[in-house]
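# what follows is a predicted structure for the sequence shown.
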Amino acid sequence: MQKEYKTLKSIVGPLILVEGVEGVKFEELVEVYAEDGRKRMGKVLEVHNDKALVQMFESPQGIATEGSRAKFLGRPLEIGVSTDMLGRTFSGSGEPLDDGPQIIPDKKINIGGAPINPYSRDYPEDFIQTGISTIDCLNTLVRGQKLPVFSGAGLPHSQVATKIARQAKVRGGGGDFAVVFGTMGVTFEEAEYFINEFKKTGAINRSVLFINTAADPVVERISTPRLALTTAEYLAYEKDMHVLVILTDMTNYCEALREVSAARKEVPGRRGYPGYLYTDLATIYERAGKIKGKKGSITQIPILTMPEDDITHPIPDLTGYITEGQIVLGRDLHQKDIYPPINVLPSLSRLSPTARKVTREDHEGLFGQLYASFARGLEVRDLAIILGESALSETDGKYLKFAKDFEEKFISQGETEDRSIDETLDLGWELLTILPRSELKRVKEEHIEKYMPKKD
Amino acid sequence: MKKGTVVKVSGPLVIANGMKSAKMYEVVKVSEEKLMGEIIELKGDEASIQVYEDTVGIGPGDPVYATGETMSVDLGPGLLTSIYDGIQRPLALIEKEAGPFITRGIDVPALDYSKQWDLTPTKTKGDTVAGGDVLGEIQETVLIKHRILVPPHIEKGTIEEIKGGSFTIKDTIAVIKDENGKSHEVTMVQKWSIRQPRPFNIKKVPKIPLISGSRSIDTMFPIVKGGAGCIPGPFGAGKTVTQQSLAKFCDAQVIVYIGCGERGNEMTDVLMEFPELEDPNTGEPLMKRTIMIANTSNMPVAAREASVYTGITIAEYYRDMGYHVALMADSTSRWAEALREMSGRLEEMPGEEGYPAYLGSKTAEFYERAGYTECLGQEKREGSVTVIGAVSPPGGDLSEPVTQNTLRVTKAFWGLDAKLAYKRHFPAINWLTSYSLYQENVSDYWRTEVAEDFEDFRNEAMNILQQEAKLEEIVRLVGMDALSSKEKLVLHTAKFIREDFLFQNAFDYQDAHTPQKKQYWMLRVILTLYHEAMEIVDNEAFDYDKFVELPIMSAIIKSKEIPMEELEKYKDLEKEISTAVKDMIA
């Protein structure tokens, strides 16, 4: 039953208080009509006796406490999904933005999503080759993983994300794939960049785009990632597709959440973000994965910009606690013109131990060795700044060279350079020839014999 | 059934009126969908209820049904190998009912009420028994004999009737007449309120180490059976891997693993791995001794709060049977956040960082349920519950309230370090900041069970690591050349200790679990090299650069691979080291 009320009591930021309501349910969808008849959507955030607190998805401009109407729809926010959505572009609230027709939904799904039973999950282990050495060898991505990109303002995270989307492949191929892409509060140009990249490579036909730009309503951003993920779940678990979900920029999402929380006068947690930020982010990130008995999968690459490049800021911090690792972009690498500027030391992929077992036998050892040696190399570099290179021991000198070559040859690669995993691993071995044999403690002797290029 | 009415819904918090007869912590069912909730506050006839399921679609006017029971768990045979959510619903049954996504209002029994168990009575008619005494035994899994206990509320009585044979858990297996002449029928299942610690006779000072196979823990920062430890660390530092390897390799008899607000895929990893992996102490699949509680981060937040209590109550139950139980809670920060969320919605006055003022007392209460005890009853069995909690401090900042409150009540502290993790030095337990106050407790055990001089070696190794930290600062300022040969030797030894003793690959089955005797020998050969070299370091013929090139160095590194059965080889190695070093100046 749908009911309409004209008893709007107060409007504070994105929140509207409606009084004298009856039979209103938590999270129910609300349509608010201004006097001119324009419709705006919202949802019930809290209900207390006959008072309902409604959070708007759009700007409340034009809504007055007198003359406006609130209509309670008796159902939560849903999205109509269909495979026809592939190749289409939608707004952050799910309306078509391109010239195409309205979607005739195959079914309507609550965008909140239900948690996957951990018992029903299938452990992700299909190695995805991205063609980027620092990811494939050191931070292996697998199907069903959620691996965010931690970036900073002005760093090329969009390029890195599209490079991954473009080059990602599973060895032996297999399965239909699709890309679901959601933007929250990015600039028009950035959104255009993604759309054009998708068009250029033809990937657009396999993609669903949800675009909320900086000009769009802030609160709309709270539903954008959920629309994207609900669509992705439909494609993955009902249409057997392998879906890659890219969400950018999660920082804007969290800020929208903070705005609503502040308007509600909630007790803030760290830096004014609500105490439930972790739980809220988890309901987005945890919607990646594979389910036993289903062919499809959802791999998530959320992108976020770290305010002041600070990894301990609540947004990257809580994200890192939920996701299965992180790819961190580094400003100093970017300034040295190394592309992609992936800062390997703080980067991590939690699912890579299993993936490393299926790539090549030497991957595990090489991984540990490269990490340890590069970390040592950077330490030596710090030392050399103080003492000068001439004061270094012979071994340390070699580490210094290793670190330099590692950055220039291993991390750095061309925009279109698509390295296979074998090429990447061979390159790693080549770099290890710089170091004395006695330093190679993490690799197996037999692998050294087999894979290390012989010095003449 | 008594009924109230919902007046307010705010996320997982529901307020209902008409609840005058309700008790604190009583379980209620909300709306016609019968969502499970628990009363956490009472004001007049208004009750605040934390609901363990998603509250979408609930609104004022919906009914609330009282059940008269407090939040409790079913304790009985069939717990082992189970995988539960935070409120003891088996995830496998939820899947059967609802498919791969968890929907709500699912009511499934915690234990299988139809399964027949073979019970062998250990008492006969006429025996005098008291609460906690063993009535009979069931082979629950190959590893664990499930002991059926007299329920704690029966103080003393005589067995009027006792049965053996095949029964389901709800069948009466004994009748006990207490001193007041009242007869009690005993079944194999007990209900126990999760917020109420199970009783025991007395607590004892724990003296036996919980051996984990991790060299950083066993040798450097040991924990005892019945102790409490915490693992704080920023993300990516390896908290979960450390917790999991403890769950895999530690020598407790029963493991309760709580995934509290953590990643779904991580739980899946555990669920897939444990049935396959062998327990290094018994050779049986690890799952046979494990109970898993999985409440992932996107599952309802209130159930996350309950999950740690569900876990520890089950742990105490096995302790009462006389087992050594280890409980891993990953992560207690998520539990604290659930408290904070509920507290915020109750509009309580916040303490530090928005956490409720009672965070400290709740944390202490939880960790105090650990301990080495003489179990309830006349039989003087001993059992223990060891609690190891992971803490996820925001930004790795240990000064935050959850870490600080945890440190006050735990005696072993394994501080994980992001810098070590970046270098892929695992376990990333920082040897300079970590500590264990249990070392004193276990020194007797070490002397008799490992080696007379084990503790000396351990202390010396720690000392070398501390010296290294100081020397490194000097090196950073003036360079390696400024050091004396003696100091260089310290650095060289410290490197050995770090890279070849403390570093351990959790994904290599052989390396991940090192028995204590072998740990002793591994450390001993490294220190033998140090001692031998120290003796000749002042000799003019000593050349440090030549020393580090000695072929014996790689032999020491490789000694890691010596199997447990051939520990004698370490003695030979020691002789080799001695000769090799002495030959340098000969």
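Yes, it's here.
# which strands or helices does the lengthiest helix in chain B pack on?
In terms of residue count, the longest helix belonging to chain B (DSSP state H) is helix B:454-478. Other elements packing on helix B:454-478 under the criterion 3 or more C-beta pairs under 8 Å, 6 or more residues apart in numbering or on different chains; DSSP states H and E are helix A:363-387, helix B:485-496, helix B:516-536. All C-beta spots, glycine's among them, are computed from the backbone N, C-alpha and C.
# now these as CSV including mean neighbour count?
Output for the helices and strands packed on helix B:454-478, formatted as CSV (neighbours: other C-beta atoms under 10 Å in any protein chain shown):
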stretch, mean neighbour count
helix A:363-387, 20
helix B:485-496, 19
helix B:516-536, 20
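# in a markdown table: these, plus mean pLDDT and distance to residue A:127.
Shown next, in a markdown table, are these (pLDDT from 0 to 100; distance: least, C-beta to C-beta, whole Å):
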| stretch | mean pLDDT | distance to residue A:127 |
| --- | --- | --- |
| helix A:363-387 | 91 | 10 |
| helix B:485-496 | 93 | 34 |
| helix B:516-536 | 94 | 34 |
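# what's the closest of those helices to residue A:264?
Among the helices and strands packed on helix B:454-478, the nearest to residue A:264 by C-beta to C-beta is helix A:363-387 (44.7 Å).
# next helix or strand past the closest one?
Note on helix A:363-387: by DSSP states H and E, the next helix or strand toward the C-terminus is helix A:394-405.
# buried residues in that next one?
For helix A:394-405, burial by neighbour count (16 or more other C-beta atoms under 10 Å in any protein chain shown) applies to A:396, A:398, A:399, A:400, A:402, A:403.
# now the angle from the longest helix of chain B to helix B:485-496?
110 degrees (axes from the mean of the first three to the mean of the last three C-alpha atoms, to 10 degrees).
# how distant is helix B:454-478 from the center of its chain?
31 Å (C-alpha atoms, centre = their mean, to the nearest Å).
# who touches that helix?
For helix B:454-478, the external contacting residues (C-beta atoms under 8 Å, 6 or more residues apart in numbering or on different chains) are A:382-383, A:386-387, B:219-220, B:431-432, B:439, B:443, B:446-447, B:482-483, B:487, B:490-491, B:493-494, B:497-498, B:501, B:520, B:523-524, B:526-527, B:530.
# for it, buried residues please.
B:454, B:455, B:457, B:458, B:460, B:461, B:462, B:464, B:465, B:468, B:471, B:475.
# so which of those residues sits lowest on pLDDT?
Among the buried residues of helix B:454-478, residue B:475 carries the weakest pLDDT, at 85.
# separation between that residue and residue A:385?
14 Å (C-beta to C-beta, to the nearest Å).
# rewinding a little: include pLDDT when you put the buried residues of helix A:394-405 into TSV, please.
Formatted as TSV, the buried residues of helix A:394-405 follow (pLDDT from 0 to 100):
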residue	pLDDT
A:396	90
A:398	94
A:399	95
A:400	95
A:402	96
A:403	95
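# looking at these, spot the one nearest chain B.
Distance to chain B across the buried residues of helix A:394-405 (C-beta to the nearest C-beta) is lowest for residue A:396, with 8.0 Å.
# residues contacting the residue lying closest to the closest one once chain neighbours are set aside?
Using C-beta to C-beta, 6 or more residues apart in numbering or on different chains and skipping the chain neighbours, the partner closest in space to residue A:396 is residue A:380 (4.7 Å). Residues near residue A:380 by C-beta under 8 Å, 6+ apart: A:392, A:396, A:399, A:400, A:403.
# burial of residue 445, as a residue count?
Just so you know, I chose chain A. 11 (other C-beta atoms under 10 Å in any protein chain shown).
# actually it's chain B I care about, not the one you picked
Residue B:445: 17 neighbours (other C-beta under 10 Å).
# same deal with residue B:115?
Other residues near residue B:115 come to 12 when the count uses other C-beta under 10 Å.
# just want the residue of chain B that's nearest chain A.
Counting by C-beta to the nearest C-beta, chain B gets nearest chain A through residue B:395, at 3.0 Å.
# can you check the pLDDT for that residue?
81.
# assign it to helix, strand or coil.
Following DSSP: H, G, I helix; E, B strand; the rest coil, the label given to residue B:395 is helix.
# format the contacts of residue A:380 as JSON lines; extra columns: distance to residue A:417.
Putting these into JSON lines (distance: C-beta to C-beta, whole Å) gives the following:
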{"residue": "A:392", "distance to residue A:417": "32"}
{"residue": "A:396", "distance to residue A:417": "31"}
{"residue": "A:399", "distance to residue A:417": "26"}
{"residue": "A:400", "distance to residue A:417": "26"}
{"residue": "A:403", "distance to residue A:417": "21"}
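# which of the helices or strands spans residue A:197?
Applying DSSP H and E, one finds residue A:197 within helix A:188-200.
# right, and chain B sits closest to which residue of chain A?
For chain A, C-beta to the nearest C-beta, closest residue to chain B: residue A:312, 3.0 Å.
# low-confidence ranges in the stretch 151-300 of chain A?
The stretch 151-300 of chain A contains residues with pLDDT under 70 at A:172-174.
# if you set the cut-off to 80 instead, what comes out?
A:171-175, A:269 (pLDDT under 80).
# check the stretch 351-500 of chain B too.
For the stretch 351-500 of chain B (pLDDT under 80), the answer is B:479-480.
# those residues of it touching chain A, which are they?
Neighbours of chain A within the stretch 351-500 of chain B, by C-beta under 8 Å from any C-beta of the partner chain: B:353-354, B:392, B:394-397, B:418, B:421-425, B:475-481, B:499-500.
# please indicate which of those residues are buried?
For these, buried by 16+ other C-beta under 10 Å: B:353-354, B:392, B:394-396, B:418, B:421-425, B:475, B:479-480, B:500.
# doesn't residue A:315 lie inside a helix?
Yes. In this structure, residue A:315 lies within a helix as judged by three-state DSSP.
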